[in-house]
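Enquirer: Give me a 3D structure for the following:
(one chain, ligands or ions: 2)
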Amino acid sequence: MAAPLYQIPGQAAPSPPAAPATSAASPAEVQAALAEGVVGARTVAEVLAQSQADTVIAELEHDLIGLAPVKGRIRDIAALLVIDKLRMNLGLQAQAPSLHMSFTGNPGTGKTTVALRMAQILHRLGYVRKGHLVAVTRDDLVGQYIGHTAPKTKEVLKKAMGGVLFIDEAYYLYRPENERDYGQEAIEILLQVMENQRDDLVVILAGYKDRMDTFFRSNPGMSSRIAHHLDFPDYPAGDLLRIADKMLESQNYRFGRGARAAFEEYLLRRIPQPHFANARSVRNALDRARLRQASRLFADRDRVFTPDDLSIIDESDIRASRVFHIAAPQAQT
Ligand SMILES: Nc1ncnc2c1ncn2[C@@H]1O[C@H](COP(=O)(O)OP(=O)(O)OP(=O)(O)O)[C@@H](O)[C@H]1O
Ligand SMILES: [Mg+2]
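Expert: Ligands and ions are numbered 1, 2, ... in the order given. Below is the predicted model of the structure:
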């Protein structure tokens, strides 16, 4: 039987986990032996204890609002990888699974954020050596002149080896209208590496769903190498509101009386307008609200502020947005 193409965690000395796993129920000496990689894991709990991938999965569930279908798919992929690991430990598995993915969805739906977590999960489970993420676009891969593309693409691949290469708006690599476009050269190099070095590099292609579908139709070689397609839906207003709570909380701010309801109203007006970008627009709107709060407080030269004064976003900080004052659909702030 061919030797496994990827590392067994424990033998490969995974990086120290951030927090102890909570779901492991195995006895202490088994735990210790597992940690040292002396024995191969035989149960799901043992694989999880050894890799602590469940910590990352739990954090993802907890930190990210909504995204139920995406979280479900990630759990499925993690389950597949854990079972794969058990199969490998019993000599049933001979080949690295294909883990290349596509993340499709509108701007600000969490694709980059989830890709970072995915890189950690793959690392914990021993599918990539380092678990870092290198995010690129066409310009990082494709050169302007003949002979520039191959070295550029190879340099990026070298940086990404042992981790995840995240290609944003991947379809820009393919420009059928220009016969001699260098993007094709980058695609061909990527295809080779995606096949031959899939034990050490996971590629995630990201972008709008319709454009990605067209790209896959014109590039069957790429399509056939992508094992997992994850769709990131637009967030409903309720999720966006909870994302806003979380973003404020992480910066030690919070909505004051009436401000949260005003922000919900803001969202309902803003969502149908052009260039709305889901969680990214929430982040931008909150940044502007903080600016208004600062200007409001700045005007109060002699007041001694309490922590509350400095943490609370007032209703007026939200309602000053242009979205409340302009009826035209092109209002954007
Ligand atoms: N479900 C979520 N819960 C909490 N915060 C989120 C969630 N989704 C996205 N965010 C936050 O929103 C911002 C935008 O998310 P991210 O960059 O991952 O989106 P994206 O889909 O990659 O967008 P783009 O296509 O514009 O690159 C980030 O600051 C991220 O932390
Ligand atoms: Mg992104």
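
Enquirer: Would you mind giving the secondary structure of residue 42?
Expert: Secondary structure, DSSP: H, G, I helix; E, B strand; the rest coil: residue 42 is coil.

Enquirer: Contact partners for it?
Expert: 86, 89 (CB atoms under 8 Å, 6 or more residues apart in numbering). Using the backbone N, CA and C atoms, a C-beta is placed for each residue, glycine as well.

Enquirer: for it, phi and psi?
Expert: Main-chain torsions, residue 42, degrees, to the nearest 10: phi -120, psi -10.

Enquirer: and the stretch 101-250 of the chain, which residues reach ligand 1?
Expert: With CB under 6 Å from any ligand atom as the criterion, the stretch 101-250 of the chain comes near ligand 1 at residues 105, 107, 108, 109, 110, 111, 112, 113, 243, 246.

Enquirer: Below-threshold pLDDT in the stretch 1-150 of the chain: ranges please.
Expert: In the predicted model, the stretch 1-150 of the chain carries pLDDT under 70 at residues 1-39.

Enquirer: Show me the strands in it, by range?
Expert: 101-105, 133-136 (DSSP state E, counting those that start in this stretch).

Enquirer: Could I get the buried residue list for the last one?
Expert: Of the residues in strand 133-136, those with enough neighbours to count as buried (16 or more other CB atoms under 10 Å) are 133, 134, 135, 136.

Enquirer: Give me the distance between the residue lying farthest from the centre of the chain and ligand 1.
Expert: Distance from the C-alpha centroid of the chain, by CA atoms, centre = their mean, peaks at residue 302 (45.1 Å). Going from residue 302 to ligand 1 by CB to the nearest ligand atom, to the nearest Å gives 36 Å.

Enquirer: Ok, residue 101 next?
Expert: Between residue 101 and ligand 1 the distance is 14 Å, computed by CB to the nearest ligand atom.

Enquirer: pretty sure that residue contacts residue 229?
Expert: Yes: if you go by CB atoms under 8 Å, residue 101 and residue 229 touch, sitting 7.2 Å apart.

Enquirer: Those two: who's more crowded?
Expert: residue 101 (22 against 16; other CB atoms under 10 Å).
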